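# Sequence unavailable; structure follows:
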């Protein structure tokens with residue numbers, strides 16, 4: 001028997017969460033959500049976390065859901081608290097992560113009359129929510145309302161599981177909010193929907209093009225580890241007409257895969273681009289990081305672009321024709337049954353081309369001065385095997401794309417909306433689920449922006465953060481624009497002189513500081529440390545852009 005709220009609608013929510021095996025509940029403090037808080041936290045079925053900052057709480061929950069691949073709930077009070085979930089909700093929407101928002105609300109008659117902590121909460125996420133359940137409530141119990149709410153609750157939780165996206169359940173609650181009863185809440189009876197996969201039926205026109213194309217490019221975006229079987233990958237790459245490009249976030253590895261796209265295409269001539277232009281483009285996985293491959297494929301379009309995914313197909317390159325709503329591994333297994341090896345030099349030519357660039361890559365890195373690029377090279381070389389790696393957005397993910405990540409390292413990054421907000425919170429949530437040591441590599445702006453993520457009582461002993469601090473938004477020096485303009489340093493680069501040491505002290509992280517003369521020594525000490533740690537590496541703000549931009553030109557030897 002548990003101590004629970006005496007409010008029927010709250011008991012109904014608890015029962016449905018149990019029915020759908022929704023066990024992880026991230027709660028932010030508040031009064032209006034107190035009935036939910038006390039009911040969840042007093043029931044041993046649930047694992048509850050208390051995170052004060054709602055934006056951090058939602059990204060923390062997203063990190064858990066990212067790893068367990070099941071819905072995770074966030075619970076907040078009414079008013080602006082709910083709006084702080086929006087960055088994580090939009091990330092979950094575009095990254096296909098099942099996030100369940102449970103928002104306490106004032107009753108409808110209290111909306112827009114000047115009551116405190118009251119906003120229009122219904123459908124607040126409508127543009128980025130897979131389903132909205134705006135529940136109804138009365139002071140006196142109503143079987144009719146109970147039945148309607150039950151339908152909405154079950155639909156919402158089914159959508160979160162089946163469609164793998166965010167849903168919003170808005171719950172109007174009357175006072176008194178703190179009355180309790182002792183009751184054992186059993187799971188609701190539900191007719192659970194199972195995920196179904198469409199049968200792989202390949203169009204004859206597509207298979208003909210596959211078997212006759214001399215230049216087939218497979219481009220892989222964000223992907224969970226172990227999605228494609230090694231034998232499937234091996235068989236695909238036996239065909240010399242098939243070239244595979246992957247990104248760091250694809251978690252896909254093979255010696256005949258090109259995983260450094262920007263390195264390959266940055267300095268291609270028009271003639272070389274025409275030689276690389278695919279006849280057939282197959283894409284799978286999530287959103288693509290590389291701007292260079294986007295620009296290339298929009299200009300040098302294939303005859304046909306086919307996307308393979310269970311959910312959305314984005315027309316990123318302006319030429320999408322077909323979308324097979326199937327698991328990519330199942331798709332390729334079926335396709336390989338019908339495949340005929342095509343005589344071509346597409347794959348061997350570009351692998352050889354890339355191998356020559358690899359030599360230029362190592363030569364250039366041996367000659368450059370201390371900089372962001374050099375620091376990333378040393379970090380990746382020193383990285384332990386078999387870890388969980390989280391990356392922040394902006395410069396961090398783009399620098400990392402230039403290097404080869406060990407096969408045993410699993411890589412994650414919030415590429416749904418690609419924002420700098422929430423990277424640290426997501427990494428901490430993910431690290432709770434991971435058995436492996438977790439390292440987050442982040443830029444200074446992303447780190448300071450999400451510094452409330454460290455206000456967290458659940459950080460594992462094997463969680464570490466590397467902060468590359470170049471005193472501002474270094475990516476803006478790489479992008480086009482007048483760096484000498486009066487507004488640039490203040491409003492774009494947003495220069496600062498902040499250091500992470502005080503934050504590390506406040507939140508009980510061991511702290512290491514590295515700069516040109518000692519950063520590799522500090523990096524090794526940091527990696528061997530057995531406690532939650534922050535390594536801050538200071539790099540020169542004004543030369544990073546020149547070194548990176550010259551990189552693409554000078555590696556072509």
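Good, I have the coordinates. Since we're looking at a predicted model, the values are computed, not measured. Numbers count the residues shown, from 1 in each chain.
# which non-adjacent residue is nearest the residue most central in space within the chain?
In the chain, the residue lying closest to the centroid (C-alpha atoms, centre = their mean) is residue 414, at 2.6 Å. Residue nearest to residue 414 in three dimensions, not counting chain neighbours: residue 91, with 5.2 Å by C-beta to C-beta, 6 or more residues apart in numbering. In this view, the C-beta of every residue, glycine as well, is placed from N, C-alpha and C.
# Same question for residue 444.
Going by C-beta to C-beta, 6+ apart, residue 444 has residue 469 as its nearest residue, at 4.1 Å.
# Now do the contacts for the one you found.
Taking C-beta atoms under 8 Å, 6 or more residues apart in numbering as the criterion, residue 469 is in contact with 443-444, 498-500, 536-539.
# quick one: it from residue 383, how far?
Using C-beta to C-beta, to the nearest Å, we find residue 469 at a distance of 19 Å from residue 383.
# Could I get the average pLDDT for stretch 102-115?
Predicted confidence along stretch 102-115 averages 90 (mean pLDDT).
# Let's see the distance spanning it from one end to the other.
With C-alpha to C-alpha, to the nearest Å as the measure, the ends of stretch 102-115 fall 21 Å from one another.
# For that stretch, buried residues please.
By neighbour count on 16 or more other C-beta atoms under 10 Å, the buried set for stretch 102-115 is 102-107, 111.
# Would you mind putting those into a markdown table with secondary structure and distance to residue 556 alongside?
What follows is the buried residues of stretch 102-115, written out as a markdown table (DSSP: H, G, I helix; E, B strand; the rest coil; distance: C-beta to C-beta, whole Å):
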| residue | secondary structure | distance to residue 556 |
| --- | --- | --- |
| 102 | strand | 54 |
| 103 | strand | 54 |
| 104 | strand | 59 |
| 105 | strand | 59 |
| 106 | coil | 63 |
| 107 | coil | 67 |
| 111 | coil | 62 |
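# which one of these sits closest to residue 420?
residue 103 (25.1 Å; C-beta to C-beta).
# wait, what's in contact with the nearest residue to residue 106 once chain neighbours are set aside?
In this structure, residue 106 finds its nearest non-sequential neighbour in residue 118, 4.8 Å apart by C-beta to C-beta, 6+ apart. With contact set as C-beta under 8 Å, 6+ apart, residue 118 has these partners: 78-79, 106, 110-112.
# try 10 Å this time
Going by C-beta atoms under 10 Å, 6 or more residues apart in numbering, residue 118 touches 32, 78-80, 105-107, 110-112.
# so is it in a helix, a strand, or just coil?
coil (DSSP: H, G, I helix; E, B strand; the rest coil).
# And it, how close does it get to residue 19?
Distance from residue 118 to residue 19, by C-beta to C-beta: 31 Å.
# One more: residue 431?
29 Å.
# swap in residue 267?
Where residue 19 is concerned, residue 267 sits at a distance of 57 Å (C-beta to C-beta).
# and residue 258, what are its bridge partners?
residue 245 (DSSP bridges).
# ok, it - how many residues close by?
Residue 258 sits with 20 neighbouring residues when counted by other C-beta atoms under 10 Å.
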